[in-house]
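K.L.:
Sequence first, predicted coordinates after that:
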Amino acid sequence: MRVLVTHPGRQHSHQAALGLERAGMLAGYWAGVPAVAEQARRLPAWLRRRFARYSPVPLDPRRVRWFPAAPALRRSGDALLPPGGAARVDLLACRLFDRWAAAGLADAAVDAVIACEISALATFRAARRLGIATILDAPSLHHAAQDRLHGTTDPPGLHRRIVRIKDREIALADHVLTVSGLARDTYLAAGVPAERVHALPLGADLELFTPDPVKPHPADPATSADPADPAFTADPAAAAAAGPGDRDEADGFLFVFCGATIRRKGFDLLLAAFDRVAAELPAARLRVVGPRGDAAGLLAGRDGARVTATGPVGQPELAAELRRADCLVLPSRNDSYGMVVAEALACGLPVLVSDMVGAGELVTPGRNGWIVPAGDAAALAERMAWCVRHVATVRGMREQCRASAAAATWPAYHRRLAELLRAILPAKAAA
């Protein structure tokens, strides 16, 4: 069985390619971002710097192709056009990449192709004509769920066009790969047959994302993070009423948010909740790591001692940010996975996420983090305040956090992907 992986950017597609190569199943990896060092060296120096955050992938260069027009278009649209125009350019880049990949299928010895949504329509049409199995890489929730949860900022006409493309891709796909059980459920709710939709959770680099070697604070014996312990309470109000907790006033408590500062990720909810907490508990601090988004303006005028922000960072810098924090907060209205959750847990960092974060499947409340209702700033603030009051208990979760990330590794993802494809593709590939 030979499987081709295509993607107009990168996301986790290179991990799929790595897993298939190690399983002896990779026919090729075609992407919009240079994947191997030989490709990057062909770029002029100024353009090479733009792709510096994409590290080379250890793949056979003979199996790798790239289409530089896709990322060039997307970057120019983001830099030069207003949001509506940039969204149109982004769609154009995906469609051009899709047509380029479709044109190459006839000469490729391929049994199946994995293509990313919005850049799979032409590829799947060509694959169907050639008898190649079609697998949709669906990194987001189903579009109907997204519209229900938070709508779209795209112009209406453009949004309708994108929805039509996504629906046609789903119809042409033999199988759909989602990144979490949460995301899979949204496809089932939209009427896609269960036998065609598969949840394949992503991974984290446990060699890069590791705990700080400094010993954590011991948990206060009067306050337990274990729901099975009689001393544990999942109710922040009850915890507050029970006593002052175990917080060291002089030590402070640092929350970290990692991701684009957008409403979809609940950044506006986080700031509203943090304001409530900081007004009552001066020890609370917030660190924001990631690119500017549609809610970035809410940071203006804030106390720079309490709220600090940095732009996007590379993976080693992200790991360092996570190690310095006391708790990751990701209150997304819609996050099909949320890879930073697995990365935080791997660093021994407890996580506070909404119930619309796919990686919440890794969270055991009270042991390695907490889950609050999406869109509920009050519930978020209550849990954040509980954490500040019980800093030693939160830091005492470190070992349980690291242990819970053990199954969320990239080698585990590689194995699951190869096993799944062997299970679902033989009949189609043989035909």
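P.N.:
Alright, I've got the coordinates. Numbers count the residues shown, from 1 in each chain.
K.L.:
all strands of this protein, in order?
P.N.:
Using DSSP state E, the strands found in the chain span residues 3-7, 26-31, 64-66, 112-116, 133-138, 175-178, 197-199, 253-258, 284-289, 307-310, 327-330, 351-354, 369-372.
K.L.:
Which neighbouring elements make contact with the third one?
P.N.:
So that's strand 64-66. Strand 64-66 sits against strand 26-31, with contacts defined as 3 or more C-beta pairs under 8 Å, 6 or more residues apart in numbering; DSSP states H and E. Every residue, glycine included, has its C-beta placed from N, CA and C.
K.L.:
Please list the outside residues in contact with the strand it packs on.
P.N.:
Identification of contacts with strand 26-31 by C-beta atoms under 8 Å, 6 or more residues apart in numbering yields 2-10, 13-14, 17, 20, 35, 57, 59, 63-67, 101, 104, 108-111.
K.L.:
Buried only: go through the residues you listed for me.
P.N.:
In terms of neighbour count (16 or more other C-beta atoms under 10 Å), the buried residues within the contacts of strand 26-31 are 2-10, 13-14, 17, 20, 35, 57, 59, 63-67, 101, 104, 108, 110-111.
K.L.:
How are the helices of the stretch 101-250 of the chain distributed by residue range?
P.N.:
Along the stretch 101-250 of the chain, counting by DSSP state H, counting those that start in this stretch, helices occupy 121-130, 143-150, 156-172, 181-189, 236-242.
K.L.:
Of all these, which one is nearest residue 421?
P.N.:
helix 121-130 (15.0 Å; C-beta to C-beta).
K.L.:
got the angle for that closest one vs strand 26-31?
P.N.:
With axes from the mean of the first three to the mean of the last three C-alpha atoms, to 10 degrees as the basis, helix 121-130 and strand 26-31 are set at 150 degrees to each other.
K.L.:
Outside of helix 121-130 itself, list whatever touches it.
P.N.:
Under the contact criterion C-beta under 8 Å, 6+ apart, helix 121-130 has outside partners 6, 95, 98-99, 101-103, 105-106, 110, 113, 115, 133-134, 136, 165, 168-169, 172-173.
K.L.:
Could I have the buried ones of these as PyMOL selection syntax?
P.N.:
Selection of the buried residues among the contacts of helix 121-130 in PyMOL, burial being defined by 16+ other C-beta under 10 Å:
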select buried, resi 6+95+98+101+102+105+110+113+115+133+134+136+165+169+172+173
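K.L.:
low-scoring pLDDT stretches of the stretch 151-300 of the chain, where are they?
P.N.:
214-251 (pLDDT under 70).
K.L.:
can you pull the contacts of residue 357?
P.N.:
182, 330, 332, 335, 337, 338, 341.
K.L.:
typo on my end, it should be residue 287
P.N.:
The neighbourhood of residue 287, defined by C-beta under 8 Å, 6+ apart, consists of 254, 255, 256, 257, 308, 309, 310, 321, 324, 325.
K.L.:
cool, and residue 70?
P.N.:
8, 9, 32, 93, 94, 96, 97 are the contacts of residue 70 under C-beta under 8 Å, 6+ apart.
K.L.:
redo that, cut-off 10 Å
P.N.:
For residue 70, the contacting residues are 7-9, 31-33, 90, 92-98, 100, 119, by C-beta atoms under 10 Å, 6 or more residues apart in numbering.
K.L.:
and what of residue 178?
P.N.:
Neighbour list for residue 178: 136-142, 184-188, 197-201, 336-337, 358 [criterion: C-beta under 10 Å, 6+ apart].
K.L.:
which residues pair with it across the strands?
P.N.:
Note on residue 178: beta-bridge partners residue 138, residue 199, judged by DSSP bridges.
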